[in-house]
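Novice: Pasting the sequence and the predicted coordinates here, then a few questions.
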Amino acid sequence: MAYVPLRYYLYEGNVVRVARRATGTKPSSHVWDPDSASWDIGYSPGPQKLSTWGEELSEADVAERFSTNALGDESDQRIGRVQALVEEHDADAALLSSLPDVRWACGFTGSNGLLLVHADGEADFLTDGRYRDQAAREVTNAKVHVTRRDLITYVDEQYLLRKGERVLFQSDDVTVAGLGEWKDQLEQVEWTATEGLVRELVAAKDEFEISKLRAAQRLTEDVFKSITSLVWRGLTERELATEIVHQHRREGAERMAFEPVVASGPNGALPHARPTDRSFQQGDLVVVDMGGVVDGYASDMTRTVAVGEPGEEAREVYDVVRRAQEAALQAARPGMRSDALDAVAREVIEEAGYGSDFPHSLGHGLGLRTHEWPSVSYRRDYELPERAALTIEPGVYRSRRFGVRIEDTVVLRKGEAENLTQAPKDLIVC
């Protein structure tokens, strides 16, 4: 059930939220659990006692306590990891231009920035005047440069790179035209294209990052509980998608991880269907794929819901997809090959006779990007790294009839996969 925050208090060192259910008026109090990065429901004392004894916190106070500044020491280690890559490639520096990777390395959350990491471990962060104060607050592990000039022009003018230096750049982020401009501006630099420069570093999540993924997932699950308490018959796909966005934002998501997929009946046979004005009909299966962003980290969850009692084939396909997902969840381990994990779920679906109706990969990486490396796919044979966050989302799509997809997010721990998703997987009838 979704909750609407009313007030926050500091009680015995804990942040406590007084909130009411989205569909009710009676308030209840919840304590923030830093281990799970979620609100523990049913906390005592009650709201009246808190308002008498507790220190009331503003939303700004709460935001500060849960801010990305907690990145701190870990971000210092991240610069060192990039430096090690520079040395491994026998280069003099690495230039990170992809904003999610810049954020991962130094904590900057703005829309314009470059991070230059040198072989000696020094790092320079560059941005423009709009982010002067923000960069000073967020970036603590690199020297901050603020300029009115083009950032690469500034690099040249300030001699941040010297003649003959070999610099790694993210070839999967920089356009051909952009690289041409860099070469014209910094003729003395040897630019070395490197695809996926930091992707393996980014894929291995630390506990801070996992806590943010968990918090985003809990928020999305709250929204799911709320929307499945509604009567769906007569709603349109677009109306439900709008409600999903509204509730995510109301619950505290900074933005959606992606536009929700709400695909009913025959539209459900389109894996990436966009919401339409089609009204839900009796017997429809509805594929709902949604996610929000908390402190930069995304959730991604899919459930398939029935509007009224579904037909026999629909229940059969739902059971096949659920068994396929459970098999993959049980099998997932760090060090496992991507295509081998995909094959675990695919085999269940193929044995049931629906192999041609599972056209996409089993899953993908999740973090500061909604889709990041590694992919869990029959087309990829690399090893899945420890502490990678992955979606596991098999589906069966019966052309022009209906579709079923079930998606959870897991973290690959030593010897097992921790499932961050707690939403039920029994077929819900709305």
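Specialist: That came in fine, so what should we check first?
Novice: C-alpha from now on. contacts and neighbour counts both.
Specialist: Noted.
Novice: Can you give the domain ranges for the chain?
Specialist: Following automatic domain parsing, the chain resolves into domains at 3-66, 70-198, 204-429.
Novice: most tightly surrounded among those domains?
Specialist: Across these, averaging neighbours per residue (mean count of other Cα atoms under 10 Å) puts domain 204-429 on top, at a mean of 20.
Novice: quick one: it to chain centroid distance?
Specialist: Centroid displacement of domain 204-429 relative to its chain, using Cα atoms, centre = their mean, to the nearest Å, is 13 Å.
Novice: same question for it, mean pLDDT?
Specialist: Mean pLDDT, domain 204-429: 96.
Novice: Endpoint to endpoint, that domain covers what distance?
Specialist: One end of domain 204-429 to the other measures 38 Å (Cα to Cα, to the nearest Å).
Novice: Could you do stretch 326-339 as well?
Specialist: 17 Å.
Novice: which other residues reach it?
Specialist: 341-342, 344-345, 375-388, 392, 410, 412-417, 419 (Cα atoms under 8 Å, 6 or more residues apart in numbering).
Novice: please redo it, this time with the cut-off set to 6 Å
Specialist: By Cα atoms under 6 Å, 6 or more residues apart in numbering, the residues outside stretch 326-339 that reach it are 344-345, 376-378, 380-386, 412, 415-417.
Novice: And the strands in the stretch 251-400 of the chain, which stretches?
Specialist: Listed in chain order, the strands of the stretch 251-400 of the chain (DSSP state E, counting those that start in this stretch) span 255-256, 261-264, 284-290, 292-294, 297-298, 301-307, 363-365, 372-376, 389-392, 395-398.
Novice: Counting by contacts, list what the first one packs against.
Specialist: The contact analysis (3 or more Cα pairs under 6 Å, 6 or more residues apart in numbering; DSSP states H and E) places strand 255-256 against strand 292-294.
Novice: contacts for the strand it packs on?
Specialist: Counting by Cα under 6 Å, 6+ apart, 216, 253-257, 298-299 sit against strand 292-294.
Novice: among the contacts of stretch 326-339, which are in helices?
Specialist: Cross-referencing these against helices under DSSP state H gives 344-345.
Novice: Can you pull up the most central residue in the protein?
Specialist: residue 298 (2.1 Å; Cα atoms, centre = their mean).
Novice: which residues touch that residue?
Specialist: Here residue 298 is in contact with 257, 292, 367, 370 (Cα under 6 Å, 6+ apart).
Novice: does the second one have beta-bridge partners, and which?
Specialist: So that's residue 292. Taking DSSP bridges as the rule, residue 292 bridges to residue 256.
Novice: Residue 114 too?
Specialist: residue 126.
Novice: State the pLDDT value of it.
Specialist: pLDDT, read off for residue 114, is 98.
Novice: Residue 106 versus that one, what's the distance?
Specialist: 10 Å.
Novice: returning to that earlier point: residue 167 versus the residue nearest to the centre of the chain, what's the distance?
Specialist: From residue 298 to residue 167 the distance is 31 Å (Cα to Cα).
Novice: for the stretch 51-200 of the chain, what spans make up the helices?
Specialist: All helices of the stretch 51-200 of the chain, identified by DSSP state H, counting those that start in this stretch, fall at 59-65, 72-88, 99-106, 132-138, 151-157, 176-185, 199-203.
Novice: Please name whichever of these is nearest to residue 424.
Specialist: Comparison of the helices of the stretch 51-200 of the chain against residue 424 by Cα to Cα identifies helix 199-203 as nearest, at 27.0 Å.
Novice: Just the buried residues of that closest one, please?
Specialist: 201-203 (16 or more other Cα atoms under 10 Å).
Novice: picking up where we left off before, which one, of the strands of the stretch 251-400 of the chain, ends up nearest to residue 187?
Specialist: That would be, of the strands of the stretch 251-400 of the chain and by Cα to Cα, strand 372-376, which comes in at 32.4 Å.
Novice: Show me what that closest one packs onto, helices and strands only.
Specialist: strand 363-365.
Novice: So residue 357 sits against residue 396, correct?
Specialist: Yes - using Cα atoms under 6 Å, residue 357 is in contact with residue 396, at 5.1 Å.
Novice: Adding distance to residue 239, write the strands of the stretch 251-400 of the chain out as CSV.
Specialist: Shown next, in CSV, are the strands of the stretch 251-400 of the chain (distance: least, Cα to Cα, whole Å):
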stretch, distance to residue 239
strand 255-256, 16
strand 261-264, 9
strand 284-290, 13
strand 292-294, 18
strand 297-298, 23
strand 301-307, 15
strand 363-365, 28
strand 372-376, 29
strand 389-392, 26
strand 395-398, 23
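Novice: Just tell me which of those ends up closest to residue 236.
Specialist: strand 261-264 (9.0 Å).
Novice: That closest one - which strands sit beside it in the sheet, and in what orientation?
Specialist: Checking strand 261-264 against DSSP bridges gives partners strand 284-290 (antiparallel).
Novice: what does the strand it pairs with contact?
Specialist: 260-265, 268, 300-307.
Novice: before we move on, the earlier item: now, among the buried residues of helix 199-203, which is nearest to residue 102?
Specialist: Nearest member of these to residue 102, counting by Cα to Cα, is residue 202, at 10.5 Å.
Novice: Roughly how far does the closest one sit from residue 194?
Specialist: From residue 202 to residue 194 the distance is 15 Å (Cα to Cα).
Novice: try residue 369
Specialist: From residue 369 over to residue 194 the distance is 19 Å, taken as Cα to Cα.
Novice: do the same with residue 341
Specialist: Counting by Cα to Cα - residue 341 and residue 194 are separated by 27 Å.
Novice: Could you confirm residue 221 falls within a helix?
Specialist: Yes - using DSSP: H, G, I helix; E, B strand; the rest coil, the assignment for residue 221 is a helix.
Novice: show me the contacts for it.
Specialist: Applying Cα under 6 Å, 6+ apart to residue 221 gives no contacts.
Novice: let's see it at 8 Å
Specialist: Going by Cα under 8 Å, 6+ apart, the list of residues near residue 221 reads 421-423.
Novice: Please tabulate those residues in CSV, including the columns distance to residue 230.
Specialist: Output for the contacts of residue 221, formatted as CSV (distance: Cα to Cα, whole Å):
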residue, distance to residue 230
421, 22
422, 20
423, 17
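Novice: And those, which is closest to residue 207?
Specialist: residue 421 (16.4 Å).
Novice: circling back: any idea which of the strands of the stretch 251-400 of the chain gets closest to residue 234?
Specialist: Comparing the strands of the stretch 251-400 of the chain by Cα to Cα, strand 301-307 comes nearest, at 9.7 Å.
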